[in-house]
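Enquirer: Quick one, structure for this:
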Amino acid sequence: ERESERESRRPERGEDGFFFLSVDAASGVRDQPVGDEETKQGALNRIQWCRDKVPGADYYCGLEGGVAVNAAGEMECFAWIVVLEAKTNTYGQAKSATCTLPAALKKLVEQGTELGHANDIVFKKHNSKQGSGMVGSLTGDVITRKLYYQQPALLALAPFRNRALYADHD
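Expert: Prediction:
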């Protein structure tokens with residue numbers, strides 16, 4: 001068990017009374033996932049890793065950032081957030097907004113550099129993916145990494161607020 005994993009296992013109480021425990025979970029995909037399928041699989045794998053290593057939670061949440069090249073040849077970045085309600089084995093999921101990467105970032109990613117590291121190189125930062133992230137660098141921190149993930153995280157919770165609408169009716 002790495003020191004960072006032990007340190008991250010201190011529960012924090014959210015404003016709504018929930019306890020949150022953040023863990024550094026393995027994604028089981030490439031350092032820089034490409035495409036929706038691989039990126040979403042990384043989020044799902046993180047949930048399973050947490051479920052195996054930290055049992056007993058009511059909900060598990062996995063987040064994975066990825067890139068894809070669109071029809072115009074531009075590279076876009078995005079993230080998938082998946083939430084699992086453990087007692088019902090019900091999933092909610094949502095994809096973040098996408099944005100086109102500048103050519104300098106695209107080139108580094110195509111050469112095999114993970115986007116967070118590419119961002120550090122281009123913007124001369126250190127460990128930005130744990131700070132305001134690439135979106136913070138591109139927007140001058142008008143949109144931070146935290147803000148970028150808030151909307152898809154809330155949308156991934158929609159099935160739990162609207163159970164009847166999401167119920168599988170045969």
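
Enquirer: Have a look at the protein and report its longest helix.
Expert: helix 35-53 (DSSP state H).

Enquirer: Can you list the buried residues in it?
Expert: Neighbour-count burial for helix 35-53 flags 38-47, 49-51 (criterion: 16 or more other CB atoms under 10 Å). Where you see a C-beta, it was placed from the backbone N, CA and C, and this is true even at glycine.

Enquirer: packing partners for it?
Expert: Applying 3 or more CB pairs under 8 Å, 6 or more residues apart in numbering; DSSP states H and E, we find helix 35-53 packed against strand 59-69, strand 75-85, strand 90-95.

Enquirer: strand partners of the second one, parallel vs antiparallel please.
Expert: With DSSP bridges as the criterion, the sheet partners recorded for strand 75-85 are strand 59-69 (antiparallel), strand 90-95 (antiparallel), strand 99-100 (antiparallel).

Enquirer: Run the angle between it and helix 35-53 for me.
Expert: On the basis of axes from the mean of the first three to the mean of the last three CA atoms, to 10 degrees, strand 75-85 is oriented at 30 degrees to helix 35-53.

Enquirer: Equivalent analysis for the shortest one, please.
Expert: Using the same axes, to 10 degrees, the inter-axis angle of strand 90-95 relative to helix 35-53 is 140 degrees.

Enquirer: Show me what strand 90-95 is in contact with.
Expert: Residues from elsewhere that reach strand 90-95 (CB atoms under 8 Å, 6 or more residues apart in numbering): 36, 40, 43, 78-85, 151-160, 166.

Enquirer: please redo it, this time with the cut-off set to 7 Å
Expert: The list of residues contacting strand 90-95 from outside it, by CB atoms under 7 Å, 6 or more residues apart in numbering, reads 78, 80-84, 152, 155-160.
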